[in-house]
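Chemist: Below are the sequence and a predicted model; questions follow.
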Amino acid sequence: MKTMKYFLEILTAAIFVLLIFTVPIFAEDFEGKCVGVSDGDTISVMHNGVAEKVRLNGIDCPEKAQPFGNKAKQFTSDMAYGKIVKIIECGKDRYGRTIGDVILPDGKDLNQELVKAGLAWWFFKYSKDKTLEALEKTAREAKIGLWADSNAVPPWDWRKKK
């Protein structure tokens, strides 16, 4: 009985140490050149010699076939493509893409800039970021970008219909 208790204590300690040292591997901030823009909220950034897909954290841009979808993609491209950006990794999505905040060379947060420009929704289902909430409210009230359309359809609803 004493041996089993000792074994469990050692096992628990080993798992704890393993978790402490492996978490940074799974959530690693990095810098790299933006080499692709799939749409307004998905880019590819060079990381360890590979183009890594990055889904912008806390926002959802209109799909390409939606109004403002191409404008969101063009905005993201103008802001990030060909530039060295910093990715603050927040995890992985169900498709294996990195979820992250994208910091531009001038220090601005691309995620926030898209919402501020009225080209993305605050994705409240997956984000509790009050800054994004406030930026969306301001853009909505000013009828900036997609908020000029009183019937703007959130991408998550649009995807369900398709």
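Modeler: Everything's here; your move.

Chemist: Run the chain-centre distance for the helix or strand containing E89.
Modeler: Secondary structure from DSSP states H and E places E89 in strand 84-92. In this view, strand 84-92 has its centroid 8 Å away from the chain centroid, taken as CA atoms, centre = their mean, to the nearest Å.

Chemist: What average pLDDT does it get?
Modeler: Mean per-residue pLDDT for strand 84-92: 97.

Chemist: which helices and strands does it pack with?
Modeler: Here strand 84-92 touches strand 30-39, strand 42-47, strand 98-103, going by 3 or more CB pairs under 8 Å, 6 or more residues apart in numbering; DSSP states H and E. For the C-beta atoms, the positions are set from N, CA and C on the backbone; glycine is no exception.

Chemist: what about 6 Å?
Modeler: strand 30-39, strand 98-103 (3 or more CB pairs under 6 Å, 6 or more residues apart in numbering; DSSP states H and E).

Chemist: what comes up buried for that strand?
Modeler: Neighbour-count burial for strand 84-92 flags V85, K86, I87, E89, C90 (criterion: 16 or more other CB atoms under 10 Å).

Chemist: repeat for stretch 69-76
Modeler: Using 16+ other CB under 10 Å as the test for burial, stretch 69-76 gives G69, K71, A72, K73, F75, T76.

Chemist: then that stretch to PDB, C-alphas only?
Modeler: Output in PDB follows, covering the C-alpha atoms of stretch 69-76 (Å, rounded to 0.1, in the frame of the first residue of the first chain):
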ATOM      1  CA  GLY A  69     -15.400  39.900 -47.500                       C
ATOM      2  CA  ASN A  70     -13.000  41.000 -50.200                       C
ATOM      3  CA  LYS A  71     -12.400  44.400 -48.500                       C
ATOM      4  CA  ALA A  72     -11.500  42.600 -45.300                       C
ATOM      5  CA  LYS A  73      -9.000  40.400 -47.200                       C
ATOM      6  CA  GLN A  74      -7.500  43.500 -49.000                       C
ATOM      7  CA  PHE A  75      -7.200  45.400 -45.700                       C
ATOM      8  CA  THR A  76      -5.400  42.400 -44.100                       C
END
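
Chemist: what residues does that stretch touch?
Modeler: Applying CB atoms under 6 Å, 6 or more residues apart in numbering, the external contacts of stretch 69-76 come out as V37, D39, G40, C61, P62, E63, L119.

Chemist: do stretch 149-160 as well
Modeler: So stretch 149-160 is contacted by D60, P62, E63, Q66, W121, L146 (CB under 6 Å, 6+ apart).

Chemist: Right, I'll call it a day here.
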